[in-house]
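Trainee: Quick one, fold the following:
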Amino acid sequence: MAVRIAIRFISFAALLYLLLPLVVLVGASLTTTEFLAFPPQGLTLRWYRVVVENPTYAHSFLVSTLLALAATALGVVLAVPAALAIARCNFPGKAAFSQLLLSPLVLPHLVLGAALLQFGSSIGLMRSFEALLVGHTVIVTPFVLRTVLPLLTREQLALEEASRDLGAGPVTTFFLVTLPQIRPGIVAGAIFAFITSFINVELSIFNTTAALNTIPVQLFNYVQYSVDPSIAAVSATTILAAVLAIVVLDLTIGLDVLAERD
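Mentor: Okay, the predicted model is just below:
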């Protein structure tokens, strides 16, 4: 009993430690001062209004959102067939192919960004939305692949074989049998992919321009010249978007379901 209480206390303390910087960030975004201050000296939404009324921030939010949505969609389209090939087929170099697709999870994004800039300059595809999309697709695809692969089990393979034995074709089997089984992995991977793309700085900074800035790169550039509570307001808004994504995941699929299937 004492051990269980101690474990719960340590877990609560660790969670509180992780959440404390977020509390400080949100509090600093509400201060009435012209500089970052915590505890906030007064409460105001002025800095959120500054962010909303700033066309540069609005454009950067739009670029980040469109980029994250496009990269996530491409990541799903690429990862699902790749997961099916890895789980259902035997071919030479299968292990190497799988590791190659998952390698962006461990490779530094700075290295990927520099490589993309170097390669893009040789083919005329650099510092553009298309270049950003290629890079972000590379880094988000492994998230979808990683969440879909564990759901392609032997039991599901038996269901697919039964579907084909009953006369269903490959396309019908995929949409009526396979897709419903891997849907939680696709949704979870897509949400993680969207968040990863939306907050990426390291890769994006190599391929943005003054007219094509994502919101993390915009913040990175802004803090080099000025530090005011609007930075905290933008960061708090980004955190809110991530929290909403997790809530959507929990309501649509259920985090407990994902934990059981993984």
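Trainee: which helices and strands sit right next to the longest helix along the chain?
Mentor: In the chain, taking DSSP state H as the definition, the longest helix is helix 55-88. Contact here means 3 or more C-beta pairs under 8 Å, 6 or more residues apart in numbering; DSSP states H and E; on that basis helix 55-88 packs against helix 94-102, helix 129-148, helix 179-199, helix 215-222. C-beta: built from backbone N, CA, C; applies to glycine.
Trainee: Would you mind checking the average pLDDT for that helix?
Mentor: The pLDDT scores in helix 55-88 average 89.
Trainee: now stretch 223-243
Mentor: With pLDDT averaged residue by residue, stretch 223-243 scores 79.
Trainee: And that stretch, what's buried?
Mentor: Buried residues in stretch 223-243, counted by 16 or more other C-beta atoms under 10 Å: 228-238, 241.
Trainee: Repeat that for stretch 66-73.
Mentor: Within stretch 66-73, the residues scored as buried using 16+ other C-beta under 10 Å are 67-68, 70-72.
Trainee: For those residues, please prepare TSV with the additional fields distance to Leu157.
Mentor: Putting these into TSV (distance: C-beta to C-beta, whole Å) gives the following:
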residue	distance to Leu157
Leu67	36
Ala68	33
Ala70	32
Ala71	30
Thr72	27
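Trainee: Spatially, which two of the residues you listed are the most separated?
Mentor: Leu67 and Thr72 (9.4 Å; C-beta to C-beta).
Trainee: Can you check which residues contact both of these two?
Mentor: Ser197 (C-beta atoms under 8 Å, 6 or more residues apart in numbering).
Trainee: Give me the contact list for stretch 144-162.
Mentor: So stretch 144-162 is in contact with 75-76, 79-80, 82-84, 86-88, 101-102, 105, 173, 177-178, 181-182, 184-186, 188-190, 192-193, 258, 261-262, going by C-beta under 8 Å, 6+ apart.
Trainee: Filter those residues down to the buried ones, ChimeraX style.
Mentor: Here is the ChimeraX selection string for the buried members of these, based on 16+ other C-beta under 10 Å:
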select :75,76,79,80,82,83,84,86,87,101,102,173,177,178,181,182,184,185,186,188,189,190,192,193,258,261
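Trainee: got TSV for the buried residues of stretch 223-243, with secondary structure too?
Mentor: Below are these laid out as TSV (DSSP: H, G, I helix; E, B strand; the rest coil):
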residue	secondary structure
Asp228	coil
Pro229	helix
Ser230	helix
Ile231	helix
Ala232	helix
Ala233	helix
Val234	helix
Ser235	helix
Ala236	helix
Thr237	helix
Thr238	helix
Ala241	helix
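Trainee: of those, closest to Thr32?
Mentor: Pro229 (8.8 Å).
Trainee: Where does the residue nearest to the closest one when sequence neighbours are not counted fall, secondary structure wise?
Mentor: What sits nearest to Pro229 in space, not counting adjacent residues and going by C-beta to C-beta, 6 or more residues apart in numbering, is Trp47, at 4.3 Å. Assigned by DSSP states H and E, Trp47 belongs to helix 46-53.
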